[in-house]
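Colleague: Generate a structure from the sequence data that follows.
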Amino acid sequence: MAMTPEDPIRARARAIVAGLGVEAKVRQMSGDLRLSRDLLPMARRYNGRPYPSGADPEHGIAALWFTDGPRGVAAGASTCFPAAIGRGATWDPELEERVGDAIGVEARVAGATLWGGVCVNLLRHPGWGRAQETYGEDPVLLGAMGAAAVRGAQRHVMACVKHFALNSIEEARFRVDVRVDERVLHEVYLPHFRQIVDAGVASVMSAYNQVEGQWCGHSTLLLRDILKGEWGFGGFVMSDFVMGLRDARAGALGGLDVEMPFRARYARSLPGLVARGEVPVSVVDEAAERVVAAKLRFAEVGVPERYTRDAVAGPAHRALAREVAARSMVLLRNEDVGGGPLLPLDLARMRSIALVGPLAEVASLGDHGSSQVRPPHAVTPAEGLRAALPAGVELRVAQGLRESVAAARACDAVVAVVGLTWRDEGEWIGPIGGDRRSLRLPPEQESLLRALAAVNPRVVAVVVAGGPVVAETWRQRVPGLLMAWYPGMDGGHALADVLLGRVEPGGRLPAEFPATEVGLPEFDPRARSVRYDRWHGYRLRDHGGPPAAYPFGFGLGYTSWAFGSPTATRVEGGLRVEVEVVNTGDRRGATVVQAYVGQHAPGLEREVRRLGAFRRVEADAREGVRVALDIPDTVLRSRDRGRWVLPEGPWRVEVGGSSDPADLAPVLVD
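Modeller: Numbering: from 1, shown residues only. Below is the predicted model of the structure:
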C-alpha cells in the first residue's frame, strides 16, 4: 500500500493531524485499554470482543477495532475454518481469498475494523508450537496465500500481517535474539512479507523477538529501512500485544506506529520525550498520519448488506469451511488391500467400521491462545461418519487399547483418529501449548496403531496436528494415512466426505515430513540466541539434511496424473514454464503443478532447487490441461550488499507434483 505525497487520503490525514496537539497525536499511537481495568478480563477470555485503539471523539476520529485470527474471527462465536497450515496445504490462493472474504464479513458483524489473522512466519522447524498459524515452510507459498487472504478480508476490514520478522520459536519469543545475514534475511525470511505489502495490506505487526540485537518493535533496520523505506509501505506498524514495545523512545524512533492494546509506554512517555526533544515531533506526526490515513482509507470500504448476524457461522460459511477442510487433507499413504486402494472406503463390501483413537469423538480446532475461534458448534469425526454412513453399515466407536483392538478385530475396516491438541502445541500459556520437544505421536498412540495393524489389514490413520509428524515406527504398517491438520468446525463432515470418496483429498504438503528428527535445524525453545540460515525443510534435505518420509508438495488423490516434458523460456520479468498434465484416472480430480528453479553459480551459496511458481489444476477423467507458470525475477535474484542482482543463466527448471527429484522433470533455460 505504497503512498505518495500526492495521495489525497494521506494529504487529508496530514491536515487532520496538523490540527492535533501532541497528546492527541499520541492517542492515535496507543491502544485504548487500561491495565487496571482490562487486563484481568483479557486474561479470562482473550478477544471476547474487539479491542479499540486511537478513539478520539473530540476530534471526530474513530477507533480501530482489532480482532485476532487466523482461523476466523476470534471475537464472538464465529466460523472456525481449518488452521492456516491446512489452508496452506490446499495450495489454492483463490480458495484462500474466499476464506478471507468470509472472515472479513464476520469481523464487521463483530464490530471489528482490523483483523490480525495473516500469519506468514516461515515454518523453519516442525517443532514450532505455532506452526498451525502459518501456511508452511516456503516463501513463495506463504506470499501467495497471505496475499490472497488480504485481498479477501480487505473488501471489508483492514488486514494485519504478522509477525515481522523471524519469529518461529514460541517459548523463547520474548527473549531470543535471531542472528541472520543479509542474503538469508532478504531471500528466505522476508520475500513473502514483501509480496503481502505489495498486495496492499493495511498493517504490519512487529514480532516479540530480537533480530541482530534489536527488538523487532524497535528495529530501525526492519521497520524504517526495509519496510517503510525500501518497500515503500504506507500503512501502519503495530506492536504485538503488551511486550511488543519495551521502550517508548526506541519504538518511536525505530518506526513502530501503534502500541497495542493498552495505553501504556507511548501514552505515559511520548509527550514528555517530545517536549524534551528526545523524539522529534515529526516522528509522532508521521505515525499518527499513517494511522489516520488507514482509517480514512477504509471508512468507505464494505458491503453493508452482507453484515447480518445470520451470516456468521451460517450455511454459506459453514459450507466453505467444509470445502476447505476436505481440500486441506493430505493423503500420504493409500496401499492396495484386497485388489484395490484402501481409500475411498468401499461401503458395498463393508458391514462395519471401527472408529477408534483419542480424537475420534473430539472436535479438534487447534490452539487455545490468541488464535482461538469459538464456533457455536463443531462436528467430531464420530458425528461426521454417523451422518454419512448409509443404513446397513455399523459404526462402532471404541476407546482404550483393549476395546479398540477388539473393535478392530470385529470390523471390516478401522479409522484411527490420533494426533495432538491445544495442550500439546500452540501459543505458550503457562503449562499448555508451546513448542514440541518431539515430532512423534505420543507413545501410547504409536502402540495403538501398531496393535490395530496387527489385527486388521484395513487401517486408516487420520492424524490431527498443526505440523509435520515423524511416523517411522508405524507408518509402513498401516495401508492408509491421512493428514487432517486442525480441520475446523465442520472437520468431521469433511473427514467423512474424504474417507467415503464424496470428495477427493485435495491437499499437498506445505511442509516437509522428515523421516527423522536428527539433523533438523537448531531448535531450542529456551534459546537466548540462534542463527538462522537458508537450510530448512526441503532445502535442507537437498543440502544433505535428513531424508523425507513425505516431501514438501507431496500428496496423493483418488485419481492419477501424468506430466509431460516441460518447456521454459526467458520472458520479460522472469521465466515462463509450460507443461501438459493429464488426469489418467477414471474420476475427476485435482493436482498441484509445481515449478522449482535452481542455478549453479560459483561462489554463491544457493539451494539446489526452490519453489518458483505453482498452480492447482482440476480435470475430468482422461482430460489433459496445458499449464503455464511464471517464475518472477524476484525469485531468481540474489541480495548483494544492500541491492538486488539477477545472476545470469542458465537456470535449471524442474516441474512435477512434489519437491522430490524423482517427481520432477528438468529443463534448462538461458
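
Colleague: Am I right that Ala360 sits in a strand?
Modeller: No - under DSSP: H, G, I helix; E, B strand; the rest coil, Ala360 falls outside any strand and is assigned coil.

Colleague: how close does it get to Pro546?
Modeller: Separation of Ala360 from Pro546 (C-beta to C-beta, to the nearest Å) stands at 31 Å. Where C-beta positions appear, they are placed from N, C-alpha and C, glycine not excepted.

Colleague: again with Gly603
Modeller: For Gly603, the distance to Pro546 - C-beta to C-beta - is 27 Å.

Colleague: do Thr308 as well
Modeller: Thr308 is 51 Å from Pro546, where distance means C-beta to C-beta.

Colleague: neighbour count winner among these two?
Modeller: Higher neighbour count among Thr308 and Pro546: Pro546, with 16 against 11, using other C-beta atoms under 10 Å.

Colleague: dump the residue contacts of the residue nearest to the more buried one when sequence neighbours are not counted.
Modeller: Spatial nearest neighbour of Pro546, chain neighbours left out: Gly519 (4.2 Å); criterion: C-beta to C-beta, 6 or more residues apart in numbering. Contacts for Gly519 (C-beta atoms under 8 Å, 6 or more residues apart in numbering) come out as 540, 545-546.

Colleague: now do 10 Å
Modeller: 540-541, 544-547 (C-beta atoms under 10 Å, 6 or more residues apart in numbering).

Colleague: For the stretch 101-250 of the chain, which segments count as helices?
Modeller: All helices of the stretch 101-250 of the chain, identified by DSSP state H, counting those that start in this stretch, fall at 139-153, 182-184, 191-198, 248-254.

Colleague: ok, now the stretch 401-550 of the chain?
Modeller: Using DSSP H, counting those that start in this stretch, helices in the stretch 401-550 of the chain cover 401-410, 443-455, 491-499, 537-542.

Colleague: Glu335: which of the ones you listed is closest?
Modeller: helix 443-455 (11.4 Å; C-beta to C-beta).

Colleague: Now that closest one: buried residues?
Modeller: Residues of helix 443-455 classed as buried by neighbour count (16 or more other C-beta atoms under 10 Å): 445-446, 448-449, 451-453.

Colleague: ok, now stretch 39-50?
Modeller: 42, 46-47, 50.

Colleague: Just the ones in helices from the residues you listed, please.
Modeller: Counted as lying in helices by DSSP state H, out of those, are Met42.

Colleague: closest to Lys25 among the buried residues of stretch 39-50?
Modeller: Pro50 (23.1 Å).

Colleague: Let me see the contact set for Val283.
Modeller: Neighbouring residues of Val283 by C-beta under 10 Å, 6+ apart: 29, 249, 252-255, 257, 270, 273-274.

Colleague: can you pull the pLDDT of it?
Modeller: pLDDT for Val283: 98.

Colleague: Now do the closest residue to Asp68 other than its chain neighbours against Arg183, distance only.
Modeller: The shortest distance from Asp68 to any non-neighbouring residue, by C-beta to C-beta, 6+ apart, is to Ala74 (3.9 Å). Ala74 sits 37 Å away from Arg183, taking C-beta to C-beta as the criterion.

Colleague: now do Trp474
Modeller: Applying C-beta to C-beta to Trp474 and Arg183 gives a distance of 40 Å.

Colleague: so how many other residues sit close to the residue nearest to Asp68?
Modeller: Neighbours of Ala74 under the rule other C-beta under 10 Å: 29.

Colleague: Please apply the same query to Ser282.
Modeller: Per other C-beta under 10 Å, the neighbour tally for Ser282 reads 9.

Colleague: Also Ser30?
Modeller: With other C-beta under 10 Å as criterion, Ser30 counts 22.

Colleague: what sits against it?
Modeller: By C-beta under 10 Å, 6+ apart, the residues touching Ser30 are 53-55, 258-268, 270.

Colleague: could you redo the last one with a cut-off of 7 Å?
Modeller: 53-54, 259, 263, 266-267 (C-beta atoms under 7 Å, 6 or more residues apart in numbering).

Colleague: before we move on, what about Gly480?
Modeller: Taking C-beta under 7 Å, 6+ apart, one finds 333-334, 342-343, 459-461 in contact with Gly480.

Colleague: Apply 6 Å and report the result again.
Modeller: Counting by C-beta atoms under 6 Å, 6 or more residues apart in numbering, Gly480 touches 334, 342-343, 460.

Colleague: Over to Gly492?
Modeller: 379-381, 383-384.

Colleague: And the contacts of the helix or strand of the chain with the lowest mean pLDDT?
Modeller: Among the helical and strand segments of the chain, the one scoring lowest on mean pLDDT, DSSP states H and E is helix 35-44, with a mean of 84. Contacting residues not belonging to helix 35-44 are listed as Phe262 [C-beta under 6 Å, 6+ apart].

Colleague: Using CSV, write out every CA atom in that helix.
Modeller: Listed next in CSV are the C-alpha coordinates belonging to helix 35-44 (Å, rounded to 0.1, in the frame of the first residue of the first chain):
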residue,chain,number,x,y,z
LEU,A,35,-4.2,-2.2,32.6
SER,A,36,-6.0,-1.6,35.8
ARG,A,37,-9.4,-2.2,34.2
ASP,A,38,-8.9,-4.5,31.3
LEU,A,39,-6.0,-6.9,31.9
LEU,A,40,-8.0,-9.4,34.0
PRO,A,41,-10.9,-9.7,31.6
MET,A,42,-8.4,-10.1,28.7
ALA,A,43,-6.7,-12.9,30.7
ARG,A,44,-10.0,-14.6,31.3
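
Colleague: and it, how far from the chain's centre?
Modeller: Its chain's C-alpha centre and that of helix 35-44 lie 29 Å apart, by C-alpha atoms, centre = their mean, to the nearest Å.

Colleague: Does anything pack onto the helix or strand just after that helix? Which helices or strands?
Modeller: Counting by DSSP states H and E, the next helix or strand C-terminal to helix 35-44 is strand 51-53. Where contact means 3 or more C-beta pairs under 6 Å, 6 or more residues apart in numbering; DSSP states H and E, strand 51-53 is packed against strand 64-68.

Colleague: and the strand it packs on, which strands flank it?
Modeller: When pairing is defined by DSSP bridges, strand 64-68 lines up against strand 51-53 (antiparallel), strand 114-119 (parallel).

Colleague: Give the buried residues for it.
Modeller: Applying 16+ other C-beta under 10 Å to strand 64-68 flags 64-68 as buried.

Colleague: Now do that strand: everything it contacts.
Modeller: So strand 64-68 is in contact with 47, 50-54, 73-75, 107, 111-116, 370, going by C-beta under 6 Å, 6+ apart.

Colleague: Now that we have those residues, which of them are buried?
Modeller: Neighbour-count burial (16+ other C-beta under 10 Å) applied to the contacts of strand 64-68 gives 47, 50-54, 73-75, 107, 112-116, 370.

Colleague: Could you measure from the closest residue to Pro390 other than its chain neighbours over to Leu395?
Modeller: Of all residues not flanking Pro390 in the chain, Leu347 sits nearest, at 6.4 Å (C-beta to C-beta, 6+ apart). Going from Leu347 to Leu395 by C-beta to C-beta gives 11 Å.

Colleague: For burial, what's the neighbour tally of Gly338?
Modeller: Counted with other C-beta under 10 Å, Gly338 comes out at 9.
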